[in-house]
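# Task: produce atomic coordinates for the following.
(one chain, ligands or ions: 1)
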Amino acid sequence: MLTLYGETLTSRLLLGTAQYPSPAIMAEAVRASACDIVTVSLRRETAGNRTGGQFWELIRELGVRVLPNTAGCHSVKEAVTTAQMARELFGTDWIKLEVIGHHDTLQPDVFGLVEAARILSAEGFQVFPYTTDDLVVAERLLDAGCAVLMPWCAPIGSARGPVNVDGLRAIRAHFPEIPLIVDAGLGRPSHAGMVMELGFDAVLLNTAVAKAGDPAAMAAAFAGAVEAGHVAFRAGPLEPRDMAVPSTPIIGKAVFE
Ligand SMILES: CC(=O)[C@@H](O)[C@H](O)COP(=O)(O)O
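Just a heads-up that it's a prediction; the model follows:
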């Protein structure tokens, strides 16, 4: 079981709710994924004029926990204000904190992220920071009060999958007790399976499901891959070897002379 800020969850897949062809298709995908948590962008939804309407009703009907996010925020002030509004609207201290630092890569502004995480943690928020795989930044986020880290594996929406496997291995190895959720850049179920096999606790994704030809089927495929990767990690996968090692016993082999 996965425990995040004291909440025990059955699924290790967190799903974003943006970019689906329709709210109904989003709902189908959430159901198919069997996820416990969905992220919702306060800014995106308010900008789309869907607040308070059918969209929120649908989210409520799905019976999943909402993790509001500060997607699209480019400054500490913007992110903190968005988080405060989200807390009022959703009645939760959970916040997925994004402070975007670069327009092209959408990579986090890690300096702003740490500052915003410190402010929000002091205000009683339970912060899920969208960060890089930088170990020093990870330390700073933990010092700032975060008890969960969400390193990226590739730029948001890129579908590239893990571009720095060594970086992901390192952050996993350095923080064995901290829940680590890979967030952003996953494109295929095999990418999710791979990071789960590295020992990550969960994955968060949006675009790969929302933009799939059949979002519900893709959501189910990701759910299966996440579970398979987690089971494989716990089962103790073999490390790759340079040389062949016979898998068939050679004792008792017939000798031809
Ligand atoms: C949904 C969310 O909170 C974001 O972090 C992001 O959109 C996820 O990345 P992908 O869209 O690349 O899966």
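# Tell me which residue is most central in the chain.
Leu204 (2.3 Å; CA atoms, centre = their mean).
# Show me which residues of the helix or strand hosting that residue are buried.
Under the assignment given by DSSP states H and E, the secondary-structure element containing Leu204 is strand 202-205. Neighbour counts using 16 or more other CB atoms under 10 Å place 202-205 of strand 202-205 among the buried residues. For glycine as for every other residue, the C-beta is placed from the backbone atoms N, C-alpha and C.
# Equivalent analysis for stretch 208-219, please.
By neighbour count, with 16+ other CB under 10 Å as the criterion, the buried positions of stretch 208-219 are 208-210, 212, 215-216, 218-219.
# Backbone dihedrals for the residue in the stretch 1-150 of the chain that the ligand sits nearest to, please?
Closest residue of the stretch 1-150 of the chain to the ligand, CB to the nearest ligand atom: Gly16 (2.8 Å). Comment: the main-chain dihedrals of Gly16 come out as phi -80, psi 160, following degrees, to the nearest 10.
# Please apply the same query to Leu67.
When read as degrees, to the nearest 10, the backbone of Leu67 gives phi -110, psi 100.
# What mean pLDDT does stretch 60-76 get?
Across stretch 60-76, the average pLDDT comes to 95.
# Can you list the buried residues in that stretch?
Taking 16+ other CB under 10 Å as the criterion, stretch 60-76 shows 62, 64-74, 76 as buried.
# Which of those sits closest to Val226?
Val226 lies nearest to Val64 out of the buried residues of stretch 60-76, by CB to CB, at 15.7 Å.
# which SS class is the residue nearest to the closest one when sequence neighbours are not counted?
Spatial nearest neighbour of Val64, excluding adjacent residues (CB to CB, 6 or more residues apart in numbering): Val38 at 5.0 Å. Assigned by DSSP: H, G, I helix; E, B strand; the rest coil, the conformation of Val38 is strand.
# So what pairs up with Val38 in the strands?
Beta-bridge partners of Val38, counted by DSSP bridges, are Leu15, Val66.
# out of the buried residues of strand 202-205, what pair is the most spread apart?
Spatial extent of the buried residues of strand 202-205 (CB to CB) is set by the pair Ala202 and Leu205 at 10.3 Å.
# shared neighbours, the two?
Common neighbours of Ala202 and Leu205 are listed as 13-14 (criterion: CB atoms under 8 Å, 6 or more residues apart in numbering).
# Check the buried residues of strand 202-205 one by one and keep those near the ligand.
By CB under 6 Å from any ligand atom, the members of the buried residues of strand 202-205 lying near the ligand are 204-205.
# which of the buried residues of strand 202-205 lies closest to the ligand?
For those, the minimum distance to the ligand (CB to the nearest ligand atom) is 3.7 Å, reached by Leu205.
# For the spatially closest residue to that closest one that is not a sequence neighbour, list the residues it contacts.
Closest residue to Leu205 apart from its sequence neighbours, by CB to CB, 6+ apart: Leu186 at 4.6 Å. Applying CB under 8 Å, 6+ apart, one finds that Leu186 lies in contact with 153-154, 159, 161, 192, 195, 203, 205, 208, 222.
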